[in-house]
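Visitor: Here you go, sequence then predicted model.
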Amino acid sequence: MTEPDPLVALVDDDEDMRAATAQLLTVHGFTVQCFPEATSALAAIDPDFTGVVVTDVRMPGMSGIELFRTLYERDPELPVVLITGHGDVEMAVDAIKAGAWDFLSKPFDPEALLAATTRAAKARALTLENRQLRAAAEAQVANGLIGDTPVMQRLRTMIPMLADAALDLVIEGETGTGKEHFARLVHRAGRRSRHRFVKLDCATVPPALVERELFEPHGMIARSDRGTLFLDNLDTASADLQARLARLAETRAVGLDGSNAQAVDLRIIAAMKEGGQQAVSPALFHLLAGVPLRMPPLAERAADIPLLFAHFAAMAAERHRCALGSVAEHAHRLAARAWPGNVLELEKAAERICLGLEEPSLAATAGLEPLPVRLDAFERAAITDAVIAADGEIGAAIEALQLPRKTFYYRVKRLGIDLKSLRRQTNS
């Protein structure tokens, strides 16, 4: 599917100049809407206008400057290019300071007009894509599960179906795919949401606590009565814990067998890594897997990365009170990367980008910045990535980069890298 030609609203009261400019823009791939005066243009350009505005400054009635100011109040991100006479340059400069995109003095160079309009059209397309991404992400936040790929649509439709079903669930998936998040969504969507969601990490349960803390009538598991018991990392549970969990799944009771047993009305949702079934006893697995589910890795739903990034970036911007920047530009760059840490890794990357701790890749900036600037961006990203990969251990990062310690600290200082912030981030 081909992209539509970029749209230009051309406003000029001089019929001959208007016709010549429209022809120039049309020949170079623009779709042009012509207006003989500002009032009719203003009526046609709504806040969802997809193009850019090129307007003469001196016109009868409403001037081009007044048109710009009115449009700016409606949409500060709408690019307006001003065409001025020699006597209007100072006025146009003031308009640039107030937010106009660019201005050209008559007689203007056709190539300069094409260059300014092309840049403005690209910026407008990116602005609208940012808005669409943010709006789409916000619309899906209410559903709790962000993504438009078929697998995510299917999982989203399953949440209300599973919410009050009298079935336990087993969720498989790689680290960072959102297994616990999905379990919480199922819990919140049903009648059990009025009661507790109790998380038990099977990887961290000491054997001595199995009976004393977990399975007593007033222990941890009993607190999930009428709610949900979430068993994280089930595939790492000891044989003894698995046996006790199998008995719990079968009897729905805690405490010792006999008169001391206490019935519990709970729903069990278990999570395990991909292929973790082999480490779980068949008896326990088949008792819990009333509905087996799989959370897909991000590599299988790369089309969802822009939406996810828009959501995480908005959250980070609100949390840290920082500017959100160009969501779409970052999203397209990130969609081409591998994400072994899945959604969790993408969330951390969005936070780094929002804080200015992660630079665009060298490929993304090629041709847009001078070579020294691009090299600095590459070095800054390499050092930042190394420190984060080393969990804030500077010595390990220096060793990974194969730099002398003195050279490392010299470059950190020259590039303005905040090592304290990086350490705080890795420890958060």
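Guide: On my side now, so go ahead.
Visitor: Mind giving me the packing neighbours of the helix or strand hosting A350?
Guide: Applying DSSP states H and E as the criterion places A350 in helix 342-354. Judged by 3 or more Cβ pairs under 8 Å, 6 or more residues apart in numbering; DSSP states H and E, the packing partners of helix 342-354 are helix 305-320, helix 327-335, helix 419-427. Every C-beta, even on glycine, is put in place using the N, C-alpha and C of the backbone.
Visitor: want to throw these into CSV with mean pLDDT and mean neighbour count?
Guide: Output for the helices and strands packed on helix 342-354, formatted as CSV (pLDDT from 0 to 100; neighbours: other Cβ atoms under 10 Å):
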stretch, mean pLDDT, mean neighbour count
helix 305-320, 84, 20
helix 327-335, 78, 19
helix 419-427, 69, 14
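Visitor: Mind checking those for the one nearest to L113?
Guide: The closest of the helices and strands packed on helix 342-354 to L113 is helix 327-335. By Cβ to Cβ, the value is 25.0 Å.
Visitor: Show me what the closest one packs onto, helices and strands only.
Guide: helix 110-141, helix 305-320, helix 342-354.
Visitor: The helix or strand that the longest one is followed by: how far from the chain's middle?
Guide: So the one you mean is helix 110-141. Using DSSP H and E, the helix or strand that follows helix 110-141 in sequence is helix 150-163. Relative to its chain's centre, helix 150-163 lies at 21 Å (Cα atoms, centre = their mean, to the nearest Å).
Visitor: List the neighbouring strands of whatever helix or strand comes next after helix 150-163 plus their orientation.
Guide: Once the chain leaves helix 150-163, the next helix or strand it forms, by DSSP H and E, is strand 169-172. Note on strand 169-172: by DSSP bridges, its sheet partners are strand 267-272 (parallel), strand 291-294 (parallel).
Visitor: What's the mean pLDDT across strand 169-172?
Guide: Mean pLDDT, strand 169-172: 96.
Visitor: Not counting its own residues, what contacts that strand?
Guide: 162, 179, 182-183, 186, 234, 268-277, 285, 288-295 (Cβ atoms under 8 Å, 6 or more residues apart in numbering).
Visitor: ok, now stretch 410-424?
Guide: Here stretch 410-424 has contacts from 355, 357, 376, 379-380, 383-384, 387-388, 392, 394, 403, using Cβ under 8 Å, 6+ apart.
Visitor: What of stretch 48-55?
Guide: By Cβ under 8 Å, 6+ apart, stretch 48-55 touches 6-12, 21, 25, 31, 33, 38, 41, 45, 64, 67-68, 71, 75, 78-83, 101, 113, 117, 120-121, 124-125, 128.
Visitor: For ChimeraX, write a command that selects the buried ones of those residues.
Guide: When burial is assessed using 16 or more other Cβ atoms under 10 Å, the buried subset of the contacts of stretch 48-55 is captured in ChimeraX by this command:
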select :6,7,8,9,10,11,12,21,25,33,38,41,45,64,67,68,71,78,79,80,81,82,83,101,113,117,120,121,124,125,128
